[in-house]
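*Asks:* coords below, sequence missing:
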């Protein structure tokens with residue numbers, strides 16, 4: 001189910017629900033999003049790796065896919081800002097609006113609508129459009145606790161808004177509006193559920209230790225743990241057992257590497273924790289999409305070929321489509 005970016009779940013970055021049969025993207029077209037004026041990528045496969053120099057749009061492409069997969073949920077605008085480290089907003093409403101969405105438009109031209117279009121292997125199509133509204137004719141009520149506070153004295157606080165319109169596989173079109181005013185940000189609820197699940201693994205941070213523990217528990221309940229331990233032994237051959245243990249820091253994954261007691265996986269290195277996060281995310285998005293920024297982080301080049309093999313196997317096992325970015329030539333070769 002689509003989630004708002006509330007304090008309880010804003011770090012989860014998960015959208016959608018499980019589907020028995022997935023719908024994979026074959027073509028993505030983008031207009032006027034960040035550095036991509038008019039860009040199409042086709043012949044997409046189950047596993048897709050995007051390489052390139054810094055600041056050419058690799059992470060941007062993942063954001064686009066995240067918005068498209070969760071196109072019924074306008075609160076994802078807050079999530080994609082969080083992926084880039086922008087989580088706290090304060091000041092006047094106009095300044096908050098600038099920080100929230102003005103940088104999403106190509107060359108900062110908010111008069112040119114953002115258009116994202118995806119074609120699926122089934123032949124179905126979905127699309128998302130982002131448009132800045134100069135004037136909002138209907139002021140939506142503020143529900144719940146605003147995630148951001150604006151100065152109470154702001155005048156003309158609702159002069160502009162961001163409208164997200166999306167078209168589903170039945171060609172029906174819906175719209176939701178994100179507003180910023182003196183009371184904060186108004187995040188309207190989604191009017192429909194996303195087509196399929198999507199998970200974004202940011203290059204800045206992987207899922208929390210508690211999130212990995214939850215996903216491990218879900219995999220254990222489904223009796224599907226048998227393949228996880230052998231895969232993680234690629235990085236840590238001494239690993240004999242995995243378990244979720246509730247300690248002083250809450251529930252976390254622990255591993256047995258032959259010491260007198262089990263150790264938190266968090267202290268076993270970024271490579272082991274990173275690969276576990278990737279595999280647990282794939283298992284938590286059956287029939288959906290997993291987006292992995294800077295996939296090579298923490299992984300030694302000598303094991304990258306085996307890592308890609310296990311990711312491909314997990315993607316087939318759970319019918320999940322993978323999009324990843326890298327700066328590493330060794331990762332591309334592998």
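*Replies:* Thanks, I have the structure now. Source: prediction; values computed, not measured.

*Asks:* please name every helix or strand in contact with the strand or helix carrying residue 180.
*Replies:* Residue 180 belongs to strand 173-181 when assigned by DSSP states H and E. Applying 3 or more CB pairs under 8 Å, 6 or more residues apart in numbering; DSSP states H and E, we find strand 173-181 packed against helix 93-101, strand 161-167, strand 184-186. Any C-beta I mention is one placed from the backbone N, CA and C, and that applies to glycine too.

*Asks:* got any ranges where the stretch 51-200 of the chain has weak pLDDT?
*Replies:* Within the stretch 51-200 of the chain, the segments meeting pLDDT under 70 span 135-159, 190-191.

*Asks:* now do the helices in it.
*Replies:* Applying DSSP state H, counting those that start in this stretch to the stretch 51-200 of the chain gives helices spanning 58-69, 76-83, 93-101.

*Asks:* ranking those by burial, who's on top?
*Replies:* Among the helices of the stretch 51-200 of the chain, helix 58-69 has the highest mean neighbour count (mean count of other CB atoms under 10 Å), at a mean of 24.

*Asks:* so what sits opposite residue 49 in the bridge?
*Replies:* For residue 49, the beta-bridge assignment (DSSP bridges) gives partners residue 324.

*Asks:* was I right to think it contacts residue 327?
*Replies:* No: between residue 49 and residue 327 there is no contact under CB atoms under 8 Å: 11.5 Å.

*Asks:* which residue of this protein lies farthest from its centroid?
*Replies:* Distance from the centre of the chain peaks at residue 260, with 38.1 Å (CA atoms, centre = their mean).

*Asks:* how near is that residue to residue 117?
*Replies:* For residue 260, the distance to residue 117 (CB to CB, to the nearest Å) stands at 57 Å.

*Asks:* so who does residue 268 touch?
*Replies:* Residue 268 is in contact with 236, 255, 257, counting by CB atoms under 8 Å, 6 or more residues apart in numbering.

*Asks:* quick check: closest non-adjacent residue to the first one.
*Replies:* Meaning residue 236. Leaving aside its sequence neighbours, residue 236 sits nearest to residue 272 (CB to CB, 6 or more residues apart in numbering; 5.3 Å).

*Asks:* ok so, going back, is the residue farthest from the centre of the chain in a helix, a strand, or coil?
*Replies:* For residue 260, the assignment made with DSSP: H, G, I helix; E, B strand; the rest coil gives coil.

*Asks:* mind pulling up the pLDDT for it?
*Replies:* What the model reports as pLDDT for residue 260 is 95.

*Asks:* with residue 266 instead?
*Replies:* pLDDT, residue 266: 87.

*Asks:* excluding its backbone neighbours, what's nearest residue 283?
*Replies:* Using CB to CB, 6+ apart, the closest residue to residue 283 is residue 219 (5.1 Å).

*Asks:* hmm, who's touching stretch 292-300?
*Replies:* Residues outside stretch 292-300 that contact it (CB under 8 Å, 6+ apart) are 49, 58-59, 62, 83, 200-204, 235, 269-271, 273-275, 278, 281, 304, 307, 322-328, 330-331.

*Asks:* in helices only, show me these.
*Replies:* Those of the contacts of stretch 292-300 mapping onto helices are 58-59, 62, 83, 270-271, 273-275, 278, 281, 304, 307, 330-331, per DSSP state H.

*Asks:* residue 108: which of those is nearest?
*Replies:* residue 59 (18.1 Å; CB to CB).

*Asks:* number of residues surrounding residue 261?
*Replies:* When neighbours are counted by other CB atoms under 10 Å, residue 261 registers 6.

*Asks:* surely residue 310 meets residue 234?
*Replies:* Yes: contact criterion CB under 8 Å: residue 310 and residue 234 qualify, at 7.0 Å.

*Asks:* out of these two, which sits in the busier spot?
*Replies:* Taking neighbours as other CB under 10 Å, residue 310 and residue 234 compare with residue 310 leading, 20 against 17.

*Asks:* the more buried one: which element?
*Replies:* Using DSSP H and E, residue 310 maps to helix 304-318.

*Asks:* what distance separates that helix from the middle of the whole chain?
*Replies:* Distance, stretch centre to chain centre, for helix 304-318: 19 Å (CA atoms, centre = their mean, to the nearest Å).

*Asks:* let me know whether residue 169 touches residue 123 as I believe.
*Replies:* No: counting by CB under 8 Å, residue 169 does not reach residue 123; the two are 9.4 Å apart.
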